[in-house]
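Asker: I need the structure of the sequence given here:
(one chain, ligands or ions: 4)
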Amino acid sequence: HAKKQGKDRYEIFEPELQATFQAGLQLEADLRRAVVRHEFELRYQPIVHLRTGEITGLEALIRWQHPERGVIPPLDFIPLAEETGMIVPIGEWVLREACRQAATWNARRDSQHPLSVSVNLSAVQLDQPNLPAVVASALANSGLPATSLIIELTESLLVDHRDSTLHQLEQIKELGVRLAIDDFGTGYSSLAYLRRFPVDIIKIDKSFVDDVGDEPTAAALTMGIIQLGQALSLSTIAEGIEDKFQLTELTDGNCELGQGYYFAEPLTDIATDELLFPTGASS
Ligand code: C2E
Ligand code: MG
Ligand code: MG
Ligand code: MG
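Answerer: Ligands and ions are numbered 1, 2, ... in the order given. Coordinates of the predicted model:
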C-alpha cells in the first residue's frame, strides 16, 4: 500500500520539474565533492586609480573548476553554497587564499605601494560568530597587513541585516580591515545604513557605469553617488568600465578608482603575476 502511495506521489511531478530537481541534487553532490577536493580557483581583477592608471588593488573572484563541466562562474553556484551552508568553508578558503596571494605579491613589490585585495563576503558568513576570528587568522597566517584587506558586502546584506551584523562588522573594522559596499545603488534601501555601518568604500554598480555616457539619468545618479562618497569621505570605485568614454566621464566626475574589462578581466594568478611583474622588464 505504501508503495502505491509513493508511486502516486511521484506522478504529480512534471517531467521538467523532475529534471530540474535532479540537476539541483547533482549540483549539490558535485559541490560537496568540490569542497573536499579543492576544485576552486581565484581570479584577480585589477582596481585602477582612474587619473594615473596605477593598479592599487585586486578583487578576488571565485571560479569552480568542475572536472566535467569546466569553469563554473560564481553566480551559478554561490546561491546553492549559501543555501547549504557550504559557503562557510568555501568563503574561508577564499579569504585565506586571497590574503596569502596578496602578501606574496606585496613582498615582491615596492613597499611604498602595497596592493589591497578585496574579498566578497556572503550574509551566511557574517552570521558565523567566529568570522572576526577567521579574518584575524587569515591576516596573521599570511602576514598581510589588515589595512591591505577590503571586505565587500552587498547592499541587500546590510538592508536585511541581523542585530549581530553590526557587531561583527565593528569587530572586523577594529582589526584595521576596510569595508566596501558592493553594487551600490541597486538595493531597495534608504541610505540609513551608511550611518549605521562603518563603511569605507562605495562601489558604483555596473548598471550605472554602463549608461553613464548615453543616459542623463544614469549620469546624474553616478555623479550623485561620487559626490555622496566625497561628502562622507569614502572612496568610490566604479565597477564594469568597458570603454574609454565611460572612463573619461568617470574621471571628469572625480571618481577615484575603477575596474572593468577596459583595464583587465579577472585574471588567473599566473596572468596577474605577469601583469604585476612583466618578464623582460627591468626592475
Ligand atoms: P561582484 O563582486 O560585483 O563582482 C563583479 C563582477 O563583474 C565579476 O563577475 C566580474 O568578473 C564582472 N566584471 C568586472 N568587470 C566587468 C566588465 O567590464 N564587464 C562585465 N560585463 N562584467 C565585469 P563574476 O566574477 O562572475 O562574479 C559575480 C559575482 O559573484 C560577484 O559580483 C560577487 O557578488 C560574487 N562572487 C564572486 N566571488 C565570490 C566569492 O569569493 N564569495 C562570494 N560570497 N561571492 C563571490
Ligand atoms: Mg565584489
Ligand atoms: Mg559588484
Ligand atoms: Mg552602454
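Asker: by mean pLDDT, which helix or strand of this protein comes out lowest?
Answerer: The least trusted helix or strand in the chain, going by mean pLDDT, DSSP states H and E, turns out to be helix 2-11, with a mean of 51.
Asker: now do the contacts for Leu42.
Answerer: If you count contacts by CB atoms under 8 Å, 6 or more residues apart in numbering, Leu42 has them with 60-63, 94, 97-98, 101, 269. Where C-beta positions appear, they are placed from N, C-alpha and C, glycine not excepted.
Asker: follow-up on the earlier one: the following helix or strand past the least confident helix or strand of the chain packs against which elements?
Answerer: Using DSSP states H and E, the helix or strand that follows helix 2-11 in sequence is helix 15-37. For helix 15-37, the packing partners by 3 or more CB pairs under 8 Å, 6 or more residues apart in numbering; DSSP states H and E come out as strand 55-66, helix 78-84.
Asker: rewinding a little: quick check on the contacts of Leu42: which are buried?
Answerer: Buried members of the contacts of Leu42, counted by 16 or more other CB atoms under 10 Å: 60-63, 94, 97-98, 101.
Asker: let me have those residues in CSV, extended by pLDDT.
Answerer: Formatted as CSV, the buried ones among the contacts of Leu42 follow (pLDDT from 0 to 100):
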residue, pLDDT
Ala60, 99
Leu61, 98
Ile62, 98
Arg63, 98
Val94, 98
Glu97, 98
Ala98, 98
Gln101, 98
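Asker: returning to what we had before: out of the helices and strands packed on helix 15-37, deepest packed?
Answerer: Highest mean neighbour count of the helices and strands packed on helix 15-37: strand 55-66, a mean of 20 (counted as mean count of other CB atoms under 10 Å).
Asker: got the CA positions of it in PDB?
Answerer: Extracted in PDB, the C-alpha atoms of strand 55-66 (Å, rounded to 0.1, in the frame of the first residue of the first chain):
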ATOM      1  CA  ILE A  55      46.900  49.500 -10.100                       C
ATOM      2  CA  THR A  56      46.000  50.000  -6.400                       C
ATOM      3  CA  GLY A  57      44.400  46.600  -5.700                       C
ATOM      4  CA  LEU A  58      42.900  43.400  -6.900                       C
ATOM      5  CA  GLU A  59      39.400  41.900  -6.400                       C
ATOM      6  CA  ALA A  60      39.400  38.200  -5.800                       C
ATOM      7  CA  LEU A  61      36.600  36.400  -7.700                       C
ATOM      8  CA  ILE A  62      36.000  32.700  -7.200                       C
ATOM      9  CA  ARG A  63      35.700  30.100 -10.000                       C
ATOM     10  CA  TRP A  64      34.800  26.500  -9.800                       C
ATOM     11  CA  GLN A  65      36.900  24.200 -11.900                       C
ATOM     12  CA  HIS A  66      34.400  21.400 -12.400                       C
END
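Asker: need the residues of the stretch 101-250 of the chain near ligand 1, please.
Answerer: By CB under 6 Å from any ligand atom, the part of the stretch 101-250 of the chain that sits against ligand 1 consists of 120-122, 152, 182-183, 239-240, 242.
Asker: which bits of this structure sit near ligand 3?
Answerer: Contacts of the chain with ligand 3, taken as CB under 5 Å from the ion, map to 182-183, 239.
Asker: which ones among these are found in strands?
Answerer: Judged by DSSP state E, the residues of the chain next to ligand 3 include 182-183 as members of strands.
Asker: adding pLDDT and neighbour count, write the residues of the chain next to ligand 3 out as CSV.
Answerer: Compiled in CSV, the residues of the chain next to ligand 3 are given as follows (pLDDT from 0 to 100; neighbours: other CB atoms under 10 Å):
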residue, pLDDT, neighbour count
Asp182, 95, 22
Asp183, 93, 17
Glu239, 98, 21
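Asker: please list which of the residues of the stretch 101-250 of the chain next to ligand 1 are also close to ligand 2.
Answerer: Among these, proximity to ligand 2 is found for 120, 152, 182 (CB under 5 Å from the ion).
Asker: give me the below-cutoff pLDDT ranges for the stretch 1-150 of the chain.
Answerer: In the predicted model, the stretch 1-150 of the chain carries pLDDT under 70 at residues 1-13.
Asker: ok and the residue in it nearest ligand 2?
Answerer: Relative to ligand 2, the nearest point of the stretch 1-150 of the chain is Asn120 (4.5 Å; CB to the ion).
Asker: any idea how far Cys99 is from Trp119?
Answerer: Just so we're on the same page, residue 119 is Val rather than Trp. To Cys99, Val119 is 8 Å away according to CB to CB, to the nearest Å.
Asker: my bad, should have said Leu157
Answerer: From Leu157 to Cys99 the distance is 21 Å (CB to CB).
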